[in-house]
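**Student:** Mind looking at a prediction? Sequence and model below.
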Amino acid sequence: MKRFSNRRHSGIGSVILDIAIYVVMVFTLLVCLVPFIYMLALSLSDAKAIVNGRVSFWPVGFNLGSYEQIVNYPNFFRAYGNTIFYTVAGTAISLTLTTLFAYPLSKSFLRGQKLFMKLVVFSMFFTGGLIPNYLLISNLGLTGSVWAMLIPFAINQFNLIILVNFFRALPGEIEEAALIDGLNYFGILVRIILPLSTAGLATVGLYTAVFFWNDWFNGLIYLNTSQFPVMLFLRNIVNGTSMVGDAAGFGDKSTIAISIKSAVIITSTLPIIILYPFLQKYFVKGLTVGSVKG
Amino acid sequence: MRAQKPENALSYRQPFGRHFRRYWQLYAMLILPVLYFVLFKYVPMFGNILAFRRYRPAMGPYGTEWVGLRYFQKFMADASFWNAFKNTLVLSLVNLIVNFPVPIIFAIMLNEVRALRFKKLVQTVSYMPRFISTVVVIAILSELLSPSGGLLNRFLQDHFGIAPTYFMNEPQYFRFLYVLTDTWQYTGWTAIIYLAAITGISNDLFEAATIDGATRFQQILYVTIPSILPTIMVMFILNVGRLLSLGFEKVLLMYTPSNSAVSDIIDTLVYRVGLANQNYSYATAIGLFSGVIGVFLVTSSNYFSRKVTGESIY
């Protein structure tokens, strides 16, 4: 970066500072990555090597046994499929509703726009709380239905504000030209605003997708076992609530559980880890345009 | 709020009939999301009246008769409530003391890294944990700390001869582990805000400091930190406002009967009393109490922030 070119970088103090900084940075890298490497090593290791405590950061007795076991375990597949469904459907519903809300809210000339924004912000700080929300969902008859997973979180106020700010930043002249050309507001939204807003929609869509992918608590309180998402499945394995791969004659159960647990951790986190480097610029974007000021 | 443009101000003076005929489609878009918002955000908010009413099964979500402040008096006299209240406060404060300064220090250090690709790499990797599920974080933690062959216990045993400890189960490690996993998950992410503030500092200040003979360390002390002080203030006040909203899901995942003396916070108490024991009114009262304190903290810290720094969130 050019801005540092004229800063003083000589002298023993500067060298010490650099060494300290690089030590901290390498440490940060290791701390962020090592847990995943350890999980990967455990999931690919032989059960005996795990029992004997020989596995650290490299697989010992490399084998794919634990992955074979979880793939052949019907509950895992079902949970994984459920999570994919919740993520895709939840994100689609959420993006639709959030866009429909954010676009009119970005027009400050609409009557009541300020009031709506205030009500949105207020609902961020004062919420119904666990029990009233739970009673609402069960009184709507949504307990045990996949809608309980999708609908209550369809509009996130923070994401809504990101989109409002994004729409506001678009040049208004294009819209005026489209109005003169005879397009109505629905047409403008679909044909002009949305194509111009891919970056904003990607940011909000990613936050939403990550939320649905990682959600487990709502599954716990609203859903039946067959509808559980993969994160709840993982939580139940870790808790010991459910056992996976009770393959006897393969060392003792607790160690099998370790490699299998690790395999579930890796497989359920893999989509985020793989997509993350390509999409991370969108993740950061939301933080910079998402100031709460309405 | 953004200042209204003159032409908007004009259209505002239009009679509502004309205004509506012109913009009805924008209002039409609002129908579905507003209905949604009322049903799923505001109805539960009003559902809080259950705290003042007796709940009876199958008689609707808003209870059957008024009981006044009975449930509030009940939890005020309940030792487990005060224990949860104390745990919430202690955990929040420890978390604030540790995890408020760490991202600031990290951002300042990261800004001093001159190898650009390395800087980008560290930054990208450091905020990745923010997107990992809490379930996964706690699952990894429990494997790292497992008394049977977990990495830490093996290390302690091999090098120091310490017998394996079940860290996740011991109450004295709970707060430490909660705070540490928060550091791991959120340092990189929060640092982005400070890094943006540092990038916004005028280069002239650094140049002037260099000409005056300031070392890099002095530049950090006398240029970087004072320049981002407003951001630090706003973030601090925001954090105070959010003091009571701990990571409920993480606490619930880390909760075991043996660490419950320190890990039972208000949210887990509400969960246990409400959903496990089905004392809906009682749990709603506790939830409402902490919700009101939360609103008070946010509002007063926001007011304070506006007075002191001129910055506020709404």
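**Tutor:** Arrived safely. Numbers count the residues shown, from 1 in each chain, chains lettered A, B, ... in the order given.

**Student:** And the closest residue to chain B within the stretch 101-250 of chain A, its phi and psi?
**Tutor:** Nearest residue of the stretch 101-250 of chain A to chain B: residue A:128, at 2.3 Å (Cβ to the nearest Cβ). For glycine as for every other residue, the C-beta is placed from the backbone atoms N, C-alpha and C. Here is the backbone geometry of residue A:128 (degrees, to the nearest 10): phi -60, psi -30.

**Student:** Kindly report the same for the one 3 residues further on.
**Tutor:** The main-chain torsion angles of residue A:131 are listed as degrees, to the nearest 10 and equal phi -70, psi -50.

**Student:** Now for it: which residues touch it?
**Tutor:** Contacts for residue A:131 (Cβ atoms under 8 Å, 6 or more residues apart in numbering or on different chains) come out as B:47, B:50, B:270, B:274-275, B:280, B:283-284, B:287.

**Student:** same deal with residue B:169?
**Tutor:** Neighbouring residues of residue B:169 by Cβ under 8 Å, 6+ apart: B:256, B:258-259.

**Student:** before we move on, back to that, which of the contacts of residue A:131 fall in helices?
**Tutor:** Judged by DSSP state H, helices contain the following of the contacts of residue A:131: B:270, B:280, B:283-284, B:287.

**Student:** now these as JSON lines including neighbour count and pLDDT?
**Tutor:** Formatted as JSON lines, those follow (neighbours: other Cβ atoms under 10 Å in any protein chain shown; pLDDT from 0 to 100):
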{"residue": "B:270", "neighbour count": "25", "pLDDT": "94"}
{"residue": "B:280", "neighbour count": "26", "pLDDT": "91"}
{"residue": "B:283", "neighbour count": "29", "pLDDT": "93"}
{"residue": "B:284", "neighbour count": "31", "pLDDT": "93"}
{"residue": "B:287", "neighbour count": "27", "pLDDT": "93"}
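
**Student:** burial measure for residue A:138, as a count.
**Tutor:** Neighbour count for residue A:138, taken as other Cβ atoms under 10 Å in any protein chain shown: 15.

**Student:** ok, now which ones touch it?
**Tutor:** residue B:61.

**Student:** any idea how far it lies from residue B:276?
**Tutor:** Distance, residue A:138 to residue B:276, using Cβ to Cβ, to the nearest Å: 15 Å.

**Student:** For residue A:283, which non-adjacent residue is closest in space?
**Tutor:** residue A:206 (6.1 Å; Cβ to Cβ, 6 or more residues apart in numbering or on different chains).

**Student:** Return the per-residue confidence for that neighbour.
**Tutor:** Here the pLDDT value assigned to residue A:206 is 91.

**Student:** ditto for the one 10 residues further on
**Tutor:** Reading off the per-residue confidence, residue A:216 sits at a pLDDT of 94.

**Student:** And residue B:158, by the same measure?
**Tutor:** On the pLDDT scale, residue B:158 gets 84.

**Student:** And for residue B:266?
**Tutor:** For residue B:266, the model assigns a pLDDT of 93.

**Student:** Enumerate every residue touching the residue in the stretch 101-250 of chain B that chain A sits nearest to.
**Tutor:** Residue nearest to chain A within the stretch 101-250 of chain B: residue B:133 (3.6 Å; Cβ to the nearest Cβ). Contacts for residue B:133 (Cβ under 8 Å, 6+ apart) come out as A:213-214, A:216, A:231, A:268-269.

**Student:** What is the most widely separated pair among the residues you listed?
**Tutor:** A:216 and A:269 (13.2 Å; Cβ to Cβ).

**Student:** The two: which is more packed in?
**Tutor:** residue A:269 (26 against 22).

**Student:** where's the more buried one, which helix or strand?
**Tutor:** Residue A:269 belongs to helix A:253-289 when elements are defined using DSSP states H and E.

**Student:** buried residues in that helix?
**Tutor:** Neighbour counts over helix A:253-289 (16 or more other Cβ atoms under 10 Å in any protein chain shown) mark A:255-269, A:272, A:276, A:279-280, A:282-283, A:285-287, A:289 as buried.

**Student:** Any regions of the stretch 151-294 of chain A where pLDDT drops low?
**Tutor:** Filtered on pLDDT under 70, the stretch 151-294 of chain A yields the residue ranges A:240-256, A:286-294.

**Student:** Could you tell me which residues of it lie near chain B?
**Tutor:** The stretch 151-294 of chain A comes close to chain B at residues A:151-152, A:154-155, A:168, A:184-186, A:189, A:210, A:213-214, A:216-217, A:221, A:231-232, A:234-235, A:238, A:254-255, A:258, A:261-262, A:265, A:268-269, A:272-273, A:276-277, A:280, A:283-284, A:287-288, A:292-294, as judged by Cβ under 8 Å from any Cβ of the partner chain.

**Student:** Need the phi and psi values for the residue of the stretch 101-250 of chain B closest to chain A.
**Tutor:** Torsion angles, degrees, to the nearest 10, at residue B:133: phi -60, psi 140.

**Student:** circling back to that earlier point, name the nearest residue to the residue of the stretch 101-250 of chain A closest to chain B, sequence neighbours excluded.
**Tutor:** residue B:44 is the one closest to residue A:128 (Cβ to Cβ, 6+ apart), at 2.3 Å.

**Student:** That neighbour: which element?
**Tutor:** Applying DSSP H and E, one finds residue B:44 within helix B:43-46.

**Student:** returning to that earlier point: quick check: buried residues in the host helix or strand of the residue nearest to residue A:283?
**Tutor:** In this assignment (DSSP H and E), residue A:206 forms part of helix A:198-214. By neighbour count with 16+ other Cβ under 10 Å, helix A:198-214 contains the buried residues A:200-214.

**Student:** And that helix, what does it pack against?
**Tutor:** The contact analysis (3 or more Cβ pairs under 8 Å, 6 or more residues apart in numbering or on different chains; DSSP states H and E) places helix A:198-214 against helix A:74-105, helix A:157-169, helix A:253-289, helix B:134-144.

**Student:** How about the contacts made by residue B:258?
**Tutor:** Contact analysis of residue B:258 by Cβ under 8 Å, 6+ apart lists B:169-171.

**Student:** now with 6 Å?
**Tutor:** Residues near residue B:258 by Cβ atoms under 6 Å, 6 or more residues apart in numbering or on different chains: residue B:169.
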